[in-house]
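Chemist: here you go, sequence then predicted model.
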Amino acid sequence: MSARTVRTRLLAASTVALAALALTACDNGKGVRDEGPSASSESSAEPGGSTKAKPAGDNGTTAGGSAGGTAATPTKGSTNGSSGKAGDGKSAGGGTGTGSSRNAACDGADTRTTATEVSRPLNHLLLTVTNTGSKNCDLTGYPIARFGEAQSVPPVAEETHPQAVVTLAPGESGYAGVLLSAGDGSGGNGYTAKTLVIGFAKGATSTPALPAKGVHVDDRLTVTYWQQSLDDALSY
C-alpha cells in the first residue's frame with residue numbers, strides 16, 4: 001500500500017470522527033441550534049434581554065371592549081324588574097317620576113247647580129252640577145243640603161259611595177239624588193221647604209231653585225254621594 005493511499009484513508013477517518021463529535025455536541029445541548037421564532041408570541045423584548053408578558057386579553061381590544069380598543073357600549077339595565085335604558089331617569093313600570101297634581105275642588109263659584117223633581121223614583125230630587133269654568137274640577141264627597149230653615153243637614157247613604165272621584169271637564173255634569181220623604185208616609189216631622197242651599201267639600205255654596213210650591217221633606221231625608229252617572233244618582 002502506498003503512502004498516499006494511507007494518508008487518504010486517515011483523512012477520511014478524521015473527517016468521520018469530527019462529524020460524529022459535532023453531532024454529539026448538538027445532542028448534549030452544548031451546541032448552538034436555530035430554534036426559529038420565540039416559543040411565546042405573547043412576549044416582547046425588554047432592554048437587558050428580559051421579556052415582559054403582555055396583559056391577558058391584550059390582543060388589540062380593551063378589556064370588555066370591542067375590536068380596535070373602543071369602549072364597551074352600555075347595555076340596557078333593569079329597574080325593579082322593568083327594563084329601560086341605563087340612566088334614562090324613568091322609574092319602574094314606565095313612570096316618568098313627575099307625578100300628577102289633583103284638580104281643584106268644584107264649588108259654587110265655577111259651577112251651576114239645578115234641582116229637579118223626578119217622577120221615578122217617587123219622592124226624589126235630582127241635583128245636577130255643571131262645570132262652568134275653564135279647567136277640570138273634582139266633585140268630591142256629597143251635597144251638604146240645607147232645606148228651608150232646617151238646623152241640620154241630611155245624612156248620606158254610604159252604600160252610594162263611588163269607586164272613583166267624580167271629575168268634571170268644562171261643560172260636564174255630575175249628579176246626586178235626594179230622597180225627600182218616605183214613600184209610604186211613615187216618615188215623621190214632615191214640612192214643606194221652598195229654599196235649598198247646597199254646600200260643597202269646600203268653597204262657595206250654591207242656591208238652586210226649588211219648584212214654586214216647594215217640596216215635602218220628612219225625617220227620611222237622605223242624599224247620595226256625587227256620581228258621574230245620572231242613573232247611579234237615582235238608584236237609591
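Modeler: The structure has been received and is ready for your questions.

Chemist: any weak-confidence spans in this structure?
Modeler: Residue ranges of the chain with pLDDT under 70: 1-101.

Chemist: helices along that one, start to end?
Modeler: Per DSSP state H, the chain carries helices over the ranges 3-27, 230-233.

Chemist: wait, what's in contact with T116?
Modeler: 125-126, 128 (Cβ atoms under 8 Å, 6 or more residues apart in numbering). Bear in mind the C-beta positions are built from the backbone N, C-alpha and C, glycine included.

Chemist: of those residues, closest to E117?
Modeler: L125 (6.0 Å; Cβ to Cβ).

Chemist: any idea how far V178 is from that closest one?
Modeler: Note on L125: its distance to V178, by Cβ to Cβ, to the nearest Å, is 4 Å.

Chemist: mind listing the shared neighbours of these two?
Modeler: A115.

Chemist: find the nearest non-adjacent residue to A104, please.
Modeler: Using Cβ to Cβ, 6 or more residues apart in numbering and skipping residues adjacent in sequence, the residue nearest A104 is C137, 5.4 Å away.

Chemist: mind listing the residues bridging to that neighbour?
Modeler: A104, L168 (DSSP bridges).

Chemist: let me see the contact set for it.
Modeler: Taking Cβ under 8 Å, 6+ apart, we find C137 in contact with 103-106, 110-111, 131, 167-168.

Chemist: could you identify the buried members of those?
Modeler: 103, 105-106, 110-111, 131, 167-168 (16 or more other Cβ atoms under 10 Å).

Chemist: returning to that earlier point: would you mind checking the contacts of T116 for buried ones?
Modeler: Of the contacts of T116, these count as buried by 16+ other Cβ under 10 Å: 125-126, 128.

Chemist: dump these into JSON lines; add distance to D219 as well.
Modeler: Shown next, in JSON lines, are those (distance: Cβ to Cβ, whole Å):
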{"residue": "L125", "distance to D219": "16"}
{"residue": "L126", "distance to D219": "21"}
{"residue": "T128", "distance to D219": "25"}
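
Chemist: nearest to K202 among those residues?
Modeler: T128 (20.1 Å).

Chemist: distance of the closest one from T111?
Modeler: 10 Å.
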